[in-house]
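Asks: Using only what follows, build the 3D model:
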Amino acid sequence: MKFIAITCLTAFMLAKVCLAGGEVVVYTSEDKIFSEPVLQQFEKKTGIKVRAIYDTEETKSAGVVNRLIAEQDYPQADVFWSGDPVRPVLLKIKGVTMPYVPSSATDIPRAYKDGDGHWTGFSARARVILYNSSLVSMDDRPLSIFDLTTAKWRGQVAIANPLFGTTSIHVAALFITLGNEKAQKFMNDLKANGVKIVSSNSEVRRLVARGEVKVGITDTDDANVAVREGSAVKIVYPDESGIGTLIIPNMVCLIKNNPNRENGKKLIDYLISSDVEKSLAFAMCAQMPLRHYVPTPADVLTIAAIKGMDINYHNVAVKLDEITPFLKQWVGY
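Replies: The predicted model follows:
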């Protein structure tokens, strides 16, 4: 009886701890290998249990976004942590999110915050050219994405499927910057030049690292993984003398009518903190803090060191929806 009493008391105390902290449900398109340690640290710091739903690599962002839209009338998630800045805009347009302005976000640059408080940005990636340095010399490296349509790179370029993830955002940004006609021509010229369309940015990284293609367009997190693994690759931040490099911050937003609102706000506060920006800068993904004072490793550039494309993320989201039929045709769907 004494043993049973002690067991019951222990179970009661554990249940009390769990109830005290409660839980928070987050849907995320950020790679699990990078996001899971951050969420585990939040659990340790707050005692709040995190239930995370991760996107797949192939349908990055689109999968959990469609789930959030489908669940709009009976939301299951409290927070959406997006690995890109466009999907939260789409969710705002569809009425899935609600305003929340964290007091700790005052030092996040205005360009990375929604004016109505529906989303807030933190640690960023950039769209870069990754090239195999055993096959391409420094003098021959492409400095612009537009170089990749020339005969010199025929059959030697890889990109991820532009219907998903950051590649789709990059293309939408190009449509805004260049105009529809020039952007369509660039995409068609790329395809005519034998570009390899693969399942993900990490697959682009692997192909370049193995020398199966000479060049790929990918994100800095994947590119830096290849560099830190010791692969014979180098990174180019493209179009510094032209349209600039696309900057892709993480975004986090609170889901409307979510079941654990206060814990959702606490998770958002944590994710946009300078501690998390520092953690992601020193992680394998080597993400760039949006705050200028957050320390970074020597090989991680700051936002200020890059000429970014002059774009509005809301406009990119709208354009992406507009050009999806073209992208489906371009991919062959």
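Asks: which non-adjacent residue is nearest P297?
Replies: Nearest residue to P297 in three dimensions, chain neighbours excluded: F282, at 6.0 Å (Cβ to Cβ, 6 or more residues apart in numbering). Every residue, glycine included, has its C-beta placed from N, CA and C.
Asks: Over to that neighbour: give its phi and psi.
Replies: The phi and psi torsions at F282 (degrees, to the nearest 10) take the values phi -90, psi -10.
Asks: count of neighbours near it?
Replies: Residues contacting F282 under the criterion other Cβ atoms under 10 Å number 13.
Asks: how far away is it from G83?
Replies: Counting by Cβ to Cβ, to the nearest Å, the gap between F282 and G83 amounts to 18 Å.
Asks: May I have the secondary structure class of I248?
Replies: strand (DSSP: H, G, I helix; E, B strand; the rest coil).
Asks: Please enumerate the strands of this structure.
Replies: 23-28, 49-54, 79-82, 97-98, 120-132, 157-160, 196-198, 215-219, 233-236, 247-255 (DSSP state E).
Asks: Which one of those strands lies nearest to L301?
Replies: With Cβ to Cβ as the criterion, L301 lies closest to strand 120-132 of those, at 8.1 Å.
Asks: So for the closest one, mean pLDDT?
Replies: Taken as a whole, strand 120-132 has an average pLDDT of 97.
Asks: Could you list every helix and strand in contact with it?
Replies: Contacts defined by 3 or more Cβ pairs under 8 Å, 6 or more residues apart in numbering; DSSP states H and E place strand 120-132 against helix 165-178, helix 201-210, strand 215-219, helix 220-228, strand 233-236, strand 247-255, helix 274-282.
Asks: tell me the most buried of these?
Replies: strand 215-219 (a mean of 29; mean count of other Cβ atoms under 10 Å).
Asks: chain center to that strand, what's the gap?
Replies: 15 Å (Cα atoms, centre = their mean, to the nearest Å).
Asks: And for that strand, what's in contact with it?
Replies: 125-132, 136, 142, 145, 148, 153, 156-160, 166-167, 170, 201, 204-205, 207-208, 248 (Cβ atoms under 8 Å, 6 or more residues apart in numbering).
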